[in-house]
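S.K.: Sequence and computational prediction follow.
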Amino acid sequence: MEAAARRAAILSVLEQAEGPVSAAALAKQFSVSRQIIVGDVALLRAGGADIAATPRGYVLPRDSAALLRTVACVHDREGMTRELEIMVDQGCQVVDVVVEHPVYGQLTGQLHLSSRYDVGEFIRSVSESSAKPLSDLTGGIHLHTLLCPSEEAFQRVRAALDQAGFLLK
């Protein structure tokens with residue numbers, strides 16, 4: 001398969017996917033190396049494709065009637081699991097985490113967590129790697145962008161985060 005055809009096929013796979021698709025899975029499907037897929041995705045992005053890389057793979061943002069909201073949080077590393085579970089338990093997707101770095105400005109990490117399973121896989125990935133969460137750079141202070149099914153769901157998230165002591169005031 002030619003490179004241009006493979007890139008078009010990658011976009012098609014991502015459009016039809018129900019969730020994130022890993023570079024390894026795409027590499028296997030197209031009989032190329034993972035690095036070839038990473039390069040293909042970089043070229044697709046450079047060409048204007050809105051492909052997000054999450055801890056579990058690539059996704060295309062979906063048009064939705066859901067509401068985008070931001071919440072400011074603070075906690076230590078031990079609070080990370082509970083904080084993320086609070087958000088997904090209310091039906092919201094945790095789109096990303098954002099911190100304000102004194103040198104680099106705003107740093108964003110794509111998450112796209114929608115369930116306790118997603119949270120568990122993310123926490124496992126953090127635990128198994130030597131990487132530190134972005135919030136370690138800012139004393140635990142960070143923002144999350146949430147995709148919520150309703151304003152009521154967002155308000156439930158805020159209330160539960162406040163009760164748990166995670167809401168930055």
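M.R.: Arrived safely.
S.K.: can you give me the offset of the helix or strand bottoming out on mean pLDDT in the chain from its chain's centre?
M.R.: When the helices and strands of the chain are scored by mean pLDDT, DSSP states H and E, strand 52-54 comes last with a mean of 84. Distance of strand 52-54 from the chain centroid (Cα atoms, centre = their mean, to the nearest Å) equals 6 Å.
S.K.: before we move on, what about stretch 88-98?
M.R.: Using Cα atoms, centre = their mean, the offset of stretch 88-98 from its chain centre is 9 Å.
S.K.: The least confident helix or strand of the chain - contacts with which helices or strands?
M.R.: strand 105-113 (3 or more Cβ pairs under 8 Å, 6 or more residues apart in numbering; DSSP states H and E). C-betas here are computed from N, CA, C, even on glycine.
S.K.: and the strand it packs on, what other elements does it pack with?
M.R.: Strand 105-113 packs on strand 52-54, helix 80-89, strand 93-101, helix 116-128, going by 3+ Cβ pairs under 8 Å, 6+ apart.
S.K.: what is the orientation angle of it with strand 93-101?
M.R.: If you take axes from the mean of the first three to the mean of the last three Cα atoms, to 10 degrees, strand 105-113 sits at 160 degrees to strand 93-101.
S.K.: Just the CA coordinates for strand 105-113, please, in CSV.
M.R.: This file holds the C-alpha atoms of strand 105-113, laid out as CSV (Å, rounded to 0.1, in the frame of the first residue of the first chain):
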residue,chain,number,x,y,z
GLY,A,105,3.6,28.5,29.6
GLN,A,106,0.6,26.2,29.3
LEU,A,107,1.3,22.5,29.0
THR,A,108,-1.5,20.2,28.0
GLY,A,109,-1.7,16.4,28.2
GLN,A,110,-4.4,14.6,26.3
LEU,A,111,-6.3,12.1,28.4
HIS,A,112,-9.8,11.2,26.9
LEU,A,113,-10.9,9.2,29.9
